[in-house]
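Peer 1: Quick one: sequence plus predicted model below, questions after.
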Amino acid sequence: MKKKRHGWLIAGVIIVIVLVVAAGGFYAHHVAVQRQQQRQQQNAQISATRFIKTIAPAAQREQKRTGIPASIIIAQAGLESEWGRSSLAQKYHNLFGVKAMDKKHRVRLMTTEYLNGKKKHVKVYFATYDSWADSIDAHTRLLLAGTTDNPHRYQNVTKAKNYKEAARDLQQDGYATDPDYANKLINAIQKFNLQKYDK
């Protein structure tokens with residue numbers, strides 16, 4: 001009887017040890033995953049900050065020249081290009097997700113559009129540029145001259161009194177199909193304090 005109890009006791013101790021080791025392994029894995037996510041967030045933050053500093057001077061020049069808030073230009077470029085990391089921005093220098101107007105300077109890529117309120121992945125033709133500076137110039141021209149079907153499409157944006165108004169006008173005037181586009185712009189501006197570039 002004593003041997004049987006002794007055997008159960010040993011088995012119980014082994015089970016406890018196994019559970020402790022397993023729990024320790026799970027906890028260590030959980031901590032490692034958390035640290036990796038924190039590093040990724042920090043790297044993304046650093047990358048976004050670097051991107052902002054790179055294009056802020058050009059955005060401020062455009063604001064001085066046209067009245068379009070620099071914060072809006074930076075936030076749009078950031079959101080549309082994943083803060084300069086998207087292949088469209090890296091390979092083809094298109095920061096604003098501008099669609100192709102001609103057949104010469106374009107590339108067909110997969111993107112996300114909201115069609116009838118539903119999120120869909122589609123392939124569309126985007127404009128290509130020689131540099132980010134060219135992309136910023138093209139974006140300004142688009143907002144000032146509108147589209148071929150409506151030259152006054154973005155006139156509200158150019159007359160907006162502040163970045164919040166400009167963000168809402170961009171969404172209302174159909175710059176993007178994302179129904180939450182204005183809020184995403186405003187959140188990006190506030191998160192990175194981009195309104196300081198409007199001064």
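Peer 2: Looks like it came in fine.
Peer 1: tell me the mean pLDDT for the one helix or strand Ile52 maps to?
Peer 2: Using DSSP states H and E, the element containing Ile52 is helix 2-66. In this model, helix 2-66 has a mean pLDDT of 71.
Peer 1: now what about the following helix or strand past that helix, what contacts it?
Peer 2: Scanning forward in sequence from helix 2-66 by DSSP H and E, the next helix or strand is helix 70-81. Residues outside helix 70-81 that contact it (CB atoms under 8 Å, 6 or more residues apart in numbering): 48, 51-52, 55-56, 59-60, 62-63, 84, 86, 88-89, 94-97, 135-136, 139-140, 157, 163, 166-167, 170, 175, 184-185, 188-189, 192, 194-195, 197-198. Placement of C-beta: from N, CA and C, glycine included.
Peer 1: following the helix or strand hosting Leu142, which helix or strand comes up?
Peer 2: Following DSSP H and E, the helix or strand that holds Leu142 is helix 132-145. With elements assigned by DSSP H and E, the helix or strand that comes after helix 132-145 is helix 155-158.
Peer 1: what does the average pLDDT come to for that next one?
Peer 2: Per-residue scores along helix 155-158 average to 92.
Peer 1: quick check, distance from that helix to the centre of its chain.
Peer 2: A distance of 23 Å separates the centroid of the chain from that of helix 155-158, by CA atoms, centre = their mean, to the nearest Å.
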